[in-house]
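**Student:** With the sequence up front, the predicted model follows.
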Amino acid sequence: MANFTPRVSITGLLLLAATPAALANADITATASGRLYYEFARFDNDARGQAERRGDDLRAAWLGVAGKVHGIGYKLEADFAGHRPVARDVYLTHKIGNTQLTIGQFKQFYTLDDRSSSNHTPTIERSYLVQSLGTAYRLGIGAQGNHEGVFWSGSVFSLESIDVWQAKGHVIGGRIGHAPWSQPGHVLHFGVSGAREHHSHPGADGALPTRAQVRATGHLGRNGKLPLVDFRSGRAVSINRYSFETAGVSGPWSWQAEYGGARYNDGQQRGEVQAGYLQGSWRLTGETRPYDAKGGRFVQLDPDGDSGAWELVARYDRINGRQWPAQHRDVTAEAWTVGVNWYASKNVRLMLDWTDSRRRDELLGRTLDHTGVLAGRAQLHF
């Protein structure tokens, strides 16, 4: 069943995406979408830790189709960049008033950085907070809506996905926020999110371990993963996850900041992850960062001029992970990132980031690694 489901989903996806015009009528609609990310990275290694090697990669090759069938919304999406296709969004929706119900596999509701598409985020890598605690695509039932500047969402979902059935457990979570100002060029945003998770027998009976880690040196940094917590004894783990977010836009300037974490407990061991970041950006060509008040997230930028739009961005990231008493772990990663983006058009973007990252073992009081990363991306999406 686990192997059969992705093949059915992806085959149907390709058939629908290939013939949207033939499907479009009063009762059935289909619109194709996709993205291609080609990335490279060069590393400035110090003498500590295992040195990173330069590399490049087709990071994303997504193809999707979305529309309606007799009033029921749907979306089918898969990523073909790896050795085998991986299902992303595969769900049905139904709208009641200003509330949308969703069932299937979809990206769960978490922080501002997590809810904004990577097509539109100003840095190549997401924040350490989302890298370590983001929930990604899971099977479940969700609802989201908005009313007079207040947006909200919630879901009940499994830790399983269409492609990964070895993660056992369930989660209930949600996000709520308010945008008292949400006009173009004048935005103020606040939000909170939380979740209660139950992970069944991690590390035993074929179930995956429960762990959190961060890629301190980015997607192409093969040796830069920092384990924050790791539970694999087979004892059930309960997790309380939380986050707080704020953001604003003033003309060509925008900023956002988030702080969050998670507390772990399996009855014998405890763990905690805490993370936060502060990010600012400036559009040199005068465009304002678009904001969707109904979803509480930033969306696609459309350059004003024929020569495209230019953007500068800077971010500070920090994360700490502790585990005790059986495993004495206390580690920290922090990074400064500066970058420049050129939006050649609404659908094409070139990105270049420099990140200065450090990993530390706080118990030993020493730096494990200090690495500089020059990363770039050529991006096409539609």
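**Tutor:** Yep, it's here.
**Student:** Return the per-residue confidence for the residue lying closest to Asp292 once chain neighbours are set aside.
**Tutor:** Of all residues beyond its chain neighbours, the one nearest Asp292 is Val299 (4.9 Å), with distances taken as C-beta to C-beta, 6 or more residues apart in numbering. C-betas here are computed from N, CA, C, even on glycine. Reading off the per-residue confidence, Val299 sits at a pLDDT of 97.
**Student:** can you check Asp27 too?
**Tutor:** Value for Asp27, per-residue pLDDT: 86.
**Student:** Distance check, it against Thr93.
**Tutor:** In this structure, Asp27 and Thr93 are separated by 16 Å, where distance is defined by C-beta to C-beta, to the nearest Å.
**Student:** Show me what the residue lying closest to Arg175 once chain neighbours are set aside bridges to in the sheet.
**Tutor:** Leaving out its chain neighbours, the residue that sits closest to Arg175 by C-beta to C-beta, 6+ apart is Ser193, at 3.8 Å. Taking DSSP bridges, one obtains Arg175, Ser243 as the residues bridged to Ser193.
**Student:** follow-up on the earlier one: among Asp27 and Thr93, which residue is more densely surrounded?
**Tutor:** Set side by side, Asp27 and Thr93 show unequal neighbour counts under other C-beta atoms under 10 Å, the larger going to Thr93 at 18 against 10.
**Student:** Which strand residues bridge that one?
**Tutor:** Beta-bridge partners of Thr93, counted by DSSP bridges, are Gly73, Thr102.
**Student:** do the same with Ser281
**Tutor:** Going by DSSP bridges, Ser281 is paired in beta bridges with Ser254, Val313.
**Student:** close enough to count as contact, it and Ala309?
**Tutor:** No - here Ser281 lies out of contact with Ala309, judged by C-beta atoms under 8 Å, at a distance of 11.4 Å.
**Student:** Extract the residue ranges of the stretch 51-200 of the chain that are flagged as low pLDDT.
**Tutor:** Using pLDDT under 70 as the threshold, the predicted model of the stretch 51-200 of the chain has no low-confidence range.
**Student:** So which residues of it form helices?
**Tutor:** When assigned using DSSP state H, counting those that start in this stretch, the helices of the stretch 51-200 of the chain occupy the ranges 112-115, 128-133.
**Student:** Now render those as TSV, adding distance to Ala293 and mean neighbour count.
**Tutor:** Output for the helices of the stretch 51-200 of the chain, formatted as TSV (distance: least, C-beta to C-beta, whole Å; neighbours: other C-beta atoms under 10 Å):
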stretch	distance to Ala293	mean neighbour count
helix 112-115	13	25
helix 128-133	21	25
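**Student:** what would those helices look like in a markdown table with distance to Gln144?
**Tutor:** Listed next are these as a markdown table, based on distance: least, C-beta to C-beta, whole Å:
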| stretch | distance to Gln144 |
| --- | --- |
| helix 112-115 | 10 |
| helix 128-133 | 19 |
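**Student:** Quickly run through the sheet partners of the one helix or strand Leu374 maps to, with directions.
**Tutor:** With elements delineated by DSSP states H and E, Leu374 resides in strand 366-381, which encompasses its position. Strand partners for strand 366-381, identified by DSSP bridges, are recorded as strand 31-45 (antiparallel), strand 348-361 (antiparallel).
**Student:** Which residues does the shortest one contact?
**Tutor:** Identification of contacts with strand 348-361 by C-beta atoms under 8 Å, 6 or more residues apart in numbering yields 49, 123-125, 216-218, 224, 226, 330-344, 366-380.
**Student:** Any of those buried? List them.
**Tutor:** Of the members of the contacts of strand 348-361, the ones counted as buried by neighbours, 16 or more other C-beta atoms under 10 Å, are 49, 123-125, 216-218, 224, 226, 330-335, 337, 339, 341-343, 368-373, 375-377, 379.
**Student:** ends of stretch 67-85, how far apart?
**Tutor:** Taking C-alpha to C-alpha, to the nearest Å, the span from the opening residue of stretch 67-85 to its closing residue is 22 Å.
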